[in-house]
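Peer 1: Show me the folded form of this:
(one chain, ligands or ions: 1)
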Amino acid sequence: MRILLTGGAGYIGSHTAVVLTQAGHEVVILDNFCNSQRSVLERLKSILGKGLLCIDVDVRNTASVSKALRDYQIDAVIHFAGLKAVGESVQNPLKYYANNVQGSISVLQAMQEVGIKTFVFSSSATVYGDPKYLPYDEDHPTQPMNPYGWTKLQVEEILHDLSKSDPQWKISCLRYFNPVGAHDSGLIGEDPNGIPNNLMPFISKVASGELPQLNIFGNDYLSKDGTGERDYIHVMDLADGHMAALDFLSNNSGWHAINLGTGVSTSVLELVEAFEGVIHKKLPKEFVERRPGDLPIYYAKVDKAKNTLGWEAKRSLQDMCRSSWDFKKKNLSPAQ
Ligand SMILES: NC(=O)c1ccc[n+]([C@@H]2O[C@H](COP(=O)([O-])OP(=O)(O)OC[C@H]3O[C@@H](n4cnc5c(N)ncnc54)[C@H](O)[C@@H]3O)[C@@H](O)[C@H]2O)c1
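Peer 2: Purely as a prediction, here's the structure:
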């Protein structure tokens, strides 16, 4: 299959590009590099032993997306392109709706024009909001708590309407939990600038000495040890999940929302301890105030992914920590 990965130069897209290419698919990346480095293309070439086609375009440029779909005779699209910082979405909601919702509509319009109807969407567990029960299953009510989450839910709704309007559409909304880790090569991974919002890059930066200590936001939650609990999933398992979703869609039309998580709830302290075990060193840490808007606990019910996609996460917490650390060690210099 020829698959267009919008946002394919980003964290999850680049790992998915590896998995799909190694499985024999032809991958074309489309990205405007607003949150990724062009050097990722060289790194993908080193991993894969061949270069991938890449188009430097904003997904909101519908004509250019149509042209790419036609020129490269694309069969299916995985739409990763989007902005993902929850805090920024609260401060600048228009930027998020314009990029994430308008961007998705643009890609779908291009697909409709060209007659391509297989679409995998990067959704998020944030669509669920405050848990009414746990683990979240796909029927859990959806009530996002921030503009970022609403952009994901709105796109899901648009996709649902589209599939009702034309039964030939094959759509999967993959609701990711907390992706962490990196490819075993240590060449691609997640390395945000500054102070990271997410725990694993924060831990890595403390371990490497780039940040002096780890701030743990809240130790008085009603959780197993007082710290927040999340469902961390290895990014390579997540990448495998996209291939499973494409396989599933080859025989199934309609709209399908599916959780991609491990089903395991891990506390901040458990993750830190696992990381310390990998680096054989204790990290300086301090408990600080809870962050407004953080949920105490959430994790996925994963039965639907298992039953419909035949997919489940395989990699351990240690694998997630080890690969994150290997990536960090290989990327200590600021010039990347
Ligand atoms: N990483 C997570 O924790 C997480 C969790 C749930 C959902 N998601 C979703 O998964 C997708 C991928 O996430 P990621 O972690 O790889 O993020 P990322 O920022 O690393 O990758 C996103 C890519 O999209 C590109 N992009 C953004 N807007 C674009 C536009 N208008 N046109 C073209 N390219 C554009 C960026 O340059 C980047 O390369 C996003 O849609 C994100 O919302 C991520």
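Peer 1: contacts, neighbours, all on C-alpha from now
Peer 2: Will do.
Peer 1: Would you map the strands across the stretch 101-250 of the chain?
Peer 2: Applying DSSP state E, counting those that start in this stretch to the stretch 101-250 of the chain gives strands spanning 118-124, 170-176, 178-180, 214-217, 229-230, 232-234.
Peer 1: Put the alpha carbons of stretch 158-168 into PDB.
Peer 2: As requested, C-alpha coordinates have been extracted for stretch 158-168 and formatted as PDB (Å, rounded to 0.1, in the frame of the first residue of the first chain):
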ATOM      1  CA  ILE A 158     -16.800  15.200  11.500                       C
ATOM      2  CA  LEU A 159     -15.400  11.800  10.600                       C
ATOM      3  CA  HIS A 160     -18.500  10.100  12.000                       C
ATOM      4  CA  ASP A 161     -20.800  12.300   9.800                       C
ATOM      5  CA  LEU A 162     -18.600  11.600   6.800                       C
ATOM      6  CA  SER A 163     -18.900   7.900   7.200                       C
ATOM      7  CA  LYS A 164     -22.700   8.200   7.600                       C
ATOM      8  CA  SER A 165     -22.800  10.300   4.400                       C
ATOM      9  CA  ASP A 166     -20.900   7.700   2.300                       C
ATOM     10  CA  PRO A 167     -20.600   4.100   3.500                       C
ATOM     11  CA  GLN A 168     -17.400   3.600   1.400                       C
END
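Peer 1: Tell me which residues are up against stretch 265-279.
Peer 2: Contact with stretch 265-279 is made by 199, 203, 216, 223-225, 227-232, 282-283, 297-299, 317-318, 321-322, 325, as judged by CA atoms under 8 Å, 6 or more residues apart in numbering.
Peer 1: my bad, should have said stretch 236-251
Peer 2: By CA under 8 Å, 6+ apart, the list of residues contacting stretch 236-251 from outside reads 12-13, 15-16, 19-20, 118, 120, 170-172, 176, 179, 181-183, 260-261, 308-315.
Peer 1: Quick one: mean pLDDT for that stretch?
Peer 2: For stretch 236-251, the mean per-residue pLDDT is 98.
Peer 1: List the buried residues of that stretch.
Peer 2: Buried residues in stretch 236-251, defined by neighbour count with 16 or more other CA atoms under 10 Å: 236-246, 248-249.
Peer 1: again, but for stretch 160-178
Peer 2: Under 16+ other CA under 10 Å, the buried positions of stretch 160-178 are 160, 162-163, 169-178.
Peer 1: what do you get for stretch 137-145?
Peer 2: In stretch 137-145, residues buried by neighbour count (16+ other CA under 10 Å) are 137-138, 142, 144-145.
Peer 1: Take those residues and write them to CSV, including pLDDT and distance to the ligand.
Peer 2: As requested, those are arranged in CSV below (pLDDT from 0 to 100; distance: CA to the nearest ligand atom, whole Å):
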residue, pLDDT, distance to the ligand
Asp137, 98, 16
Glu138, 98, 15
Thr142, 98, 15
Pro144, 97, 13
Met145, 96, 14
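Peer 1: Show the pLDDT at Ala335.
Peer 2: Per-residue confidence for Ala335 comes out at a pLDDT of 39.
Peer 1: before we move on, what about Tyr96?
Peer 2: For Tyr96, pLDDT reads 98.
Peer 1: does Ile258 count as helix, strand or coil?
Peer 2: State at Ile258, reduced to three classes by DSSP: H, G, I helix; E, B strand; the rest coil: strand.
Peer 1: beta partners of the closest residue to it other than its chain neighbours?
Peer 2: In space, Ile258 comes closest to Leu174 once its chain neighbours are excluded; the distance is 5.1 Å by CA to CA, 6 or more residues apart in numbering. Under the criterion DSSP bridges, Leu174 forms beta bridges with Ser122, Ile258.
Peer 1: Check the one 5 residues further on too.
Peer 2: Under the criterion DSSP bridges, Pro179 forms beta bridges with Ile233.
Peer 1: got the contact list for it?
Peer 2: Pro179 is in contact with 232-235, 238, counting by CA under 8 Å, 6+ apart.
Peer 1: In TSV: those, plus distance to the ligand.
Peer 2: As requested, the contacts of Pro179 are arranged in TSV below (distance: CA to the nearest ligand atom, whole Å):
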residue	distance to the ligand
Tyr232	9
Ile233	10
His234	11
Val235	9
Leu238	10
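Peer 1: hey, C-alpha coordinates of the strand or helix carrying Cys321 in PDB?
Peer 2: According to DSSP states H and E, Cys321 maps onto helix 317-330. C-alpha atoms of helix 317-330 as PDB (Å, rounded to 0.1, in the frame of the first residue of the first chain):
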ATOM      1  CA  LEU A 317       7.800  -0.200  31.300                       C
ATOM      2  CA  GLN A 318      11.600  -1.100  31.300                       C
ATOM      3  CA  ASP A 319      11.600  -1.100  27.500                       C
ATOM      4  CA  MET A 320      10.000   2.300  27.500                       C
ATOM      5  CA  CYS A 321      12.500   3.700  30.000                       C
ATOM      6  CA  ARG A 322      15.600   2.000  28.400                       C
ATOM      7  CA  SER A 323      14.700   3.200  24.900                       C
ATOM      8  CA  SER A 324      14.000   6.800  26.100                       C
ATOM      9  CA  TRP A 325      17.300   6.900  27.900                       C
ATOM     10  CA  ASP A 326      19.200   5.400  24.900                       C
ATOM     11  CA  PHE A 327      17.700   8.100  22.700                       C
ATOM     12  CA  LYS A 328      18.500  10.900  25.300                       C
ATOM     13  CA  LYS A 329      22.200   9.700  25.500                       C
ATOM     14  CA  LYS A 330      22.600   9.800  21.700                       C
END
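Peer 1: All good on my end, thank you.
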